[in-house]
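# fold the stuff below for me.
(chains A and B)
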Amino acid sequence: MSEQLDRGAVERVAKLARLELSDAELDEATTRLAGMMAHFADIDALELNDVEPMTQPYELVNVLRDDVPLETLDHDEVLAAAPDATDGRFGVPPILGLEL
Amino acid sequence: MSTFQSARSIAASVSTGESSSVDVVSQHLARIEEREEEVHAFNLVLRNEALQSAERIDERIAAGEQVGPLAGVPIALKDNLCTRGIPTTCSSNILNGWRPPYDATVVSRLADAGAVFVGKTNLDEFAMGSSTENSAFGPTRNPLDTSRVPGGSSGGSAAAVAAGFSAMSLGSDTGGSIRQPAALCGVVGVKPTYGAVSRLGLIAFASSLDQIGPFTHDVADAALLLECMAGHDPGDSTSIPHPFPSLSESLDRGVAGLRIGRIVDLPSGADADVAASVDRAFEVLADAGADIIDVTIPAFTYGLTAYYLIAPAEASSNLARYDGVRFGSRVETADTNSMYMATRGEGFGPEVKRRIMLGTYALSAGYYDAYYGKALKVRRLMAQDFATAYESVDALVTPASPSVAFPFGSKTSDPLAMYLCDTYTIPSNLTGHPAMSVPFGAGENGLPIGVQVLAPAMGEPTMFAVAAELERSAGGNHV
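From the prediction side, this is the model:
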């Protein structure tokens, strides 16, 4: 965990997170995240090789229900909450020309 | 100590027709009218809806119907709980104006029990914070001293009960967001066992840590509210498929013969007034017949780091849904990718962006094992250390918050200082165990101190027995 978090890495993370950040926000994030990561280095001292990761408080099992039709959310009510809905569907700007 | 009427007393008098639900709700609305501008507990006050619900309850009682254990009780809901057709914002601009197409399971259950919802309460945006200063709609003030924070993230719900705006309220607790504001506002706050209360309709922050829980004036009200909302829900795959134990009968059990643990390697950092209250709590419990036993939980110290890697990692995934397509705000641009970036850049506040960045980084290629993977292993150590401790004790007692309510702005310039507020509350979220804060003593400037009682999974009956004993000795239980 010793690698320094520089501004280039922060810009890459912002892009991965689909967050448009201003220059000032990127500067702030670089300082803050580097400080946090330095603090979080306390767990480097722990011997963890033989420890199983724990993702949930309890072991999860797949939950299935009987295969019978149930009432779902109201189509119009759901679409009414969208910023743009056209012809009974969610409306979005063009997806072509995507630059990642 | 709070001087307001308990929910039990309200439900009893409304159910028998001794008082009307409309009168009770009107009294609470009058208090809101009087102090809400100063406190800002609510994002939305449901004045007309509450009065209409109260009228219906009075009609049903007049017709001889049994309304339920919360008949006519005014309850406030944290504004990250979905309410059908009623704006639900998470105190974020990205959801401003959104009306959910369904009710959270807890909302339906409380309505079925006869509750009256008086409003949606303010929070740190998406429940990320410990002071309610991160709300996009301005901070909530502590009703006991309005120059100080109410704690967070459920600061509005804690303040609503402390100010007498509602007899009870619901919050959510991902790393202490019920227990810490309860401590700072002098009310009871409970984080139930993970899976005891359905999360369906709780807008997700960190799904493996989030739990909904009550704020109340006293321990018996908390038991009542939790009993009304706990229990299996097929709509939440992490809901425990067993009946939830009864709590009301634990309240008078006392602590005689219970083994209560003092964690001797607890991280330092609690102020002297808080530490003194916790010491006094152990004395009181010992006097009441409990055996106080020293235990160690070495992983406790590493909880903060594990939490602040795991919770942001889960949040970065959960908050990916706010992309301007299905709900909330959108910034119009030429293509979808720039629309996502602009919408999220504009819609999220600084702390939410910070945590999404932190979580995305901890999960990103090349860093996953070093950060997120390692944090998950520390989580396992934490669970193992607690399991070992619970071989020799029935419950544990610690501070809830390291300090009493602090002044506005005193921690906003340093996120790490704010994160340290969660030191004592985080481990229960990592393990999934229940924990609660009960008012016990006062500190600086007479401000309340919360003592935290912890128990193993589904150990709520023991936890409530201990909390009730502390409350009795502090003279805080209501009639």
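
# got the buried residues for stretch B:166-176?
For stretch B:166-176, a neighbour-count test (16 or more other CB atoms under 10 Å in any protein chain shown) marks B:166, B:167, B:168, B:169, B:170, B:171, B:172, B:173, B:174, B:175, B:176 as buried. Every C-beta, even on glycine, is put in place using the N, C-alpha and C of the backbone.

# by contact count, what packs against the helix or strand containing residue B:437?
Following DSSP states H and E, one finds residue B:437 within strand B:435-442. If contacts are counted by 3 or more CB pairs under 8 Å, 6 or more residues apart in numbering or on different chains; DSSP states H and E, strand B:435-442 sits against helix B:179-185, strand B:188-191, helix B:272-287, strand B:448-454, helix B:460-474.

# give me the contact list for it.
Applying CB atoms under 8 Å, 6 or more residues apart in numbering or on different chains, the set of residues contacting strand B:435-442 from outside is B:1, B:178-180, B:182-183, B:186-191, B:219, B:222, B:273, B:276-277, B:280-281, B:400-401, B:425, B:428, B:448-455, B:463-464, B:467, B:470-471, B:474, B:476.

# one more time with 6 Å, if that's ok
Taking contacts as CB atoms under 6 Å, 6 or more residues apart in numbering or on different chains, the residues outside strand B:435-442 that touch it are B:179, B:182-183, B:186, B:188-191, B:277, B:281, B:400, B:428, B:448-454, B:467, B:470-471, B:474, B:476.

# what's the local residue count around the spatially closest residue to residue B:316 that is not a sequence neighbour?
Using CB to CB, 6 or more residues apart in numbering or on different chains and skipping the chain neighbours, the partner closest in space to residue B:316 is residue B:359 (3.2 Å). Under the neighbour criterion other CB atoms under 10 Å in any protein chain shown, residue B:359 is assigned a count of 27.

# how about residue B:426?
Residues lying near residue B:426 (other CB under 10 Å) number 25.

# now do residue A:48
Look at residue A:48: counted by other CB under 10 Å, it has 17 neighbours.

# next, name the residue at the spatial heart of the chain.
Using chain A. Using CA atoms, centre = their mean, the residue of chain A that lies closest to the mean C-alpha position is residue A:17, 6.3 Å off.

# please go with chain B instead
Relative to the mean C-alpha position of chain B, the nearest C-alpha, by CA atoms, centre = their mean, is the one of residue B:178, at 2.3 Å.

# host element of residue B:224?
Taking DSSP H and E as the definition, residue B:224 sits inside helix B:219-229.

# give me the contacts around that helix.
Where contact means CB under 6 Å, 6+ apart, the residues beyond helix B:219-229 that reach it are B:6-7, B:70, B:106, B:109, B:113, B:168, B:188, B:190, B:197, B:214, B:216, B:247-248, B:251, B:464, B:467-468, B:471.

# chain A next: which of those are close?
Counting by CB under 6 Å from any CB of the partner chain, the subset of the contacts of helix B:219-229 that neighbours chain A is empty.

# would you show me how to pick out the buried ones of those residues in ChimeraX?
One line in ChimeraX is enough to select the buried ones among those; burial here means 16+ other CB under 10 Å:
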select /B:6,7,70,106,109,113,168,188,190,197,214,216,247,251,464,467,468,471
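
# does stretch A:55-71 reach chain B?
Yes - Stretch A:55-71 is in contact with chain B by CB under 6 Å from any CB, via A:55, A:56, A:57, A:63.

# chain center to that stretch, what's the gap?
23 Å (CA atoms, centre = their mean, to the nearest Å).

# check contacts around the residue of chain A found nearest chain B.
Among the residues of chain A, residue A:57 lies nearest to chain B; the distance is 2.4 Å by CB to the nearest CB. With CB under 6 Å, 6+ apart as the criterion, the residues that contact residue A:57 are B:194, B:432.

# and it, backbone torsions?
Residue A:57 adopts backbone torsions of phi -60, psi -40, taken as degrees, to the nearest 10.

# quickly note the distance from it to residue B:383.
Taken as CB to CB, to the nearest Å, the spacing of residue A:57 relative to residue B:383 amounts to 8 Å.

# over to residue A:92?
Between residue A:92 and residue B:383 the computed distance is 43 Å (CB to CB).

# give the pairing partners of the strand holding residue B:437; include direction for each.
Based on DSSP bridges, the strands next to strand B:435-442 in the sheet, each with its direction, are strand B:188-191 (antiparallel), strand B:448-454 (antiparallel).

# so which residues on the stretch 101-250 of chain B come close to chain A?
Of all the residues in the stretch 101-250 of chain B, those lying near chain A are B:101, B:194, B:208, B:237, going by CB under 6 Å from any CB.

# what about the residue lying farthest from the centre of chain A, which helix or strand?
In terms of distance from the mean C-alpha position of chain A, residue A:68 ranks first, at 33.0 Å (CA atoms, centre = their mean). Residue A:68 is located outside every helix and strand, with elements delineated by DSSP H and E.

# quick check: longest helix of chain A.
If you go by DSSP state H, chain A has its longest helix at helix A:23-39.

# just the buried positions in that one, please.
If you call a residue buried by 16+ other CB under 10 Å, then helix A:23-39 has these buried ones: A:25, A:26, A:28, A:29, A:30, A:32, A:33, A:34, A:36, A:37.

# just checking, what packs against that helix?
With contacts defined as 3 or more CB pairs under 6 Å, 6 or more residues apart in numbering or on different chains; DSSP states H and E, the packing partners of helix A:23-39 are helix A:7-16.

# next, the distance between the ends of stretch A:78-85.
10 Å (CA to CA, to the nearest Å).

# any idea how far it is from the chain center?
Using CA atoms, centre = their mean, the offset of stretch A:78-85 from its chain centre is 23 Å.

# can you list contacts of stretch B:458-466?
Counting by CB under 6 Å, 6+ apart, stretch B:458-466 makes contact with B:193, B:223, B:245, B:247, B:250, B:253, B:255, B:394, B:395, B:434, B:453, B:455, all of which sit outside it.

# go with 7 Å
Outside stretch B:458-466, the residues within contact range by CB atoms under 7 Å, 6 or more residues apart in numbering or on different chains are B:192-193, B:219, B:223, B:245, B:247, B:250-251, B:253-255, B:258, B:260, B:285, B:394-395, B:434, B:436, B:453, B:455.

# just say which of the strands paired with strand B:435-442 is most tucked in.
Each of these was given a mean neighbour count from mean count of other CB atoms under 10 Å in any protein chain shown, and the largest, a mean of 33, is that of strand B:188-191.

# and the next helix or strand past that one?
Using DSSP H and E, the helix or strand that directly follows strand B:188-191 along the chain is strand B:211-216.
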